[in-house]
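S.K.: Quick check, what structure comes out for this input:
(2 chains)
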Amino acid sequence: MIKSTIVSNKHLLFALRLALGFVFVFAGLEKISNPEKFAVAIENYKIMPVIFINFIAIILPFLELITGLLLIFGICVKENIFIINLLLTLFILLVAIAISRGLDIECGCFGTNDGQKAGLQKIIENLFMLLLGLLIFFFDKNPFKIGKSL
Amino acid sequence: MNNNKLSTKDILQIILLTVIISIIYNYFSPDGIPLIRQFKEITYSENKPDESHPKENSLSQLEGIKYNDVIKMFNEKSAVFIDARDQWEFGDGHIPGAINIPEFSFNPNDKIVQSMDKHKRYILYCDGDDCDVSKRLYEYLEAIGFSNLFVYTGGYKEWIKNGNSYEAAE
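M.R.: Numbering: from 1, shown residues only, chains lettered A, B, ... in the order given. Below you'll find the predicted structure:
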């Protein structure tokens, strides 16, 4: 199958992995630099009990950073891209809920000073990244696992 | 499709590693935040500052206000009332003269917010003791420079219970 050959091309998949990995590393680093502002950005979505917000604001940026780095270096690709795809699905749902509620808020996607709104454009961007993530999930054959490497 | 299987164990290891690293980093970081987010504590001071000597807001506390002071300020017209509830609740009935800034859709660039004098005295309220929207709105307004805010914790329920007048949308 021609289509299958294109999407399973290892150079293409490597490029996708690097691209998605760098996006997540960048997004994570921006948030780590100011957890309080990120916590406020989460709070603005008004979807989560206040007591959980800080915990999420501490963990989530590191989850983006670590999964992004592991993806770039090709370690546990399938597991990392699975986590990244889950996060992207969650982000799409959160932005969609924010839009449906008529909230006019910053998305907090890349730190908090980027001024990007939680809007339709964000959903399209995340859907595009999710598509790339699914390609990597189904077609990347990188066998480097924690269990085998350590 | 490849045949290397998704390892749940590896996923859990990655998440566990992330949780440990992030909590340790947060603990030692100068920008670290508490693990559990809490509302600021509400305090009630005996002497309410007047318009000419506005109070200074505390970083760790919300300034509360009790019914007797609320009534006094209402009669003196020395404070503006802000109803933090949704517009349909506001429409059903609110403290006379109150303006509605629903916390749910708060936007600092909103015309009403932009037109408000940041040094004037504002009393924020919602339903009563068990609602949080007035406290959240307090924090949002404080963050954009409002310096003379009070939370009326008794809220609209207490206002009505004491037989006070109210306004409603027609």
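
S.K.: Please enumerate the strands of the chain.
M.R.: Picking chain A for this. For chain A, strands defined by DSSP state E do not occur.

S.K.: right idea, wrong chain: chain B
M.R.: Using DSSP E, strands in chain B cover B:41-43, B:61-65, B:80-83, B:99-100, B:122-125, B:149-152.

S.K.: Columns distance to chain A on top of those, output as JSON lines?
M.R.: Heads up, the C-betas are built off the backbone N, CA and C, glycines and all. What follows is the strands of chain B, written out as JSON lines (distance: least, Cβ to the nearest Cβ, whole Å):
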{"stretch": "strand B:41-43", "distance to chain A": "14"}
{"stretch": "strand B:61-65", "distance to chain A": "14"}
{"stretch": "strand B:80-83", "distance to chain A": "18"}
{"stretch": "strand B:99-100", "distance to chain A": "15"}
{"stretch": "strand B:122-125", "distance to chain A": "17"}
{"stretch": "strand B:149-152", "distance to chain A": "16"}
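
S.K.: Reformat those into TSV and put mean pLDDT and mean neighbour count next to each item.
M.R.: Output for these, formatted as TSV (pLDDT from 0 to 100; neighbours: other Cβ atoms under 10 Å in any protein chain shown):
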stretch	mean pLDDT	mean neighbour count
strand B:41-43	78	12
strand B:61-65	86	19
strand B:80-83	96	23
strand B:99-100	94	16
strand B:122-125	95	26
strand B:149-152	93	25
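
S.K.: how many neighbours does the residue in chain B positioned nearest to chain A have?
M.R.: Using Cβ to the nearest Cβ, residue B:22 is the residue of chain B that sits closest to chain A, at 3.7 Å. Neighbourhood size, residue B:22 [other Cβ atoms under 10 Å in any protein chain shown]: 24.

S.K.: Next up, the contacts around residue B:103.
M.R.: By Cβ atoms under 8 Å, 6 or more residues apart in numbering or on different chains, the contact list for residue B:103 reads B:84, B:85, B:126, B:133, B:134, B:136, B:137, B:140.

S.K.: swap in residue B:149?
M.R.: B:57, B:63, B:121, B:122, B:124, B:138, B:141, B:142.

S.K.: that older thread, which one of the contacts of residue B:103 has the most neighbours?
M.R.: Of these, with other Cβ under 10 Å as the count, residue B:84 tops at 29 neighbours.

S.K.: Distance check, that one against residue B:140.
M.R.: Relative to residue B:140, residue B:84 is positioned 10 Å away (Cβ to Cβ, to the nearest Å).

S.K.: do residue A:110 as well
M.R.: Distance from residue A:110 to residue B:140, by Cβ to Cβ: 22 Å.

S.K.: confidence score at residue 133?
M.R.: No chain specified, so I'll use chain A. The model reports residue A:133 with a pLDDT of 95.

S.K.: try again with chain B
M.R.: For residue B:133, pLDDT reads 85.

S.K.: Equivalent analysis for residue A:103, please.
M.R.: Reading off the model, residue A:103 has pLDDT 74.

S.K.: what about it, how many residues close to it?
M.R.: Burial measure for residue A:103: 20 neighbouring residues, criterion other Cβ under 10 Å.

S.K.: Then residue A:78?
M.R.: Neighbours around residue A:78, by other Cβ under 10 Å: 21.

S.K.: how close does the closest residue to it other than its chain neighbours sit to residue A:96?
M.R.: Among residues not flanking residue A:78 along the chain, residue B:6 sits closest, at 5.4 Å (Cβ to Cβ, 6 or more residues apart in numbering or on different chains). Separation of residue B:6 from residue A:96 (Cβ to Cβ): 26 Å.
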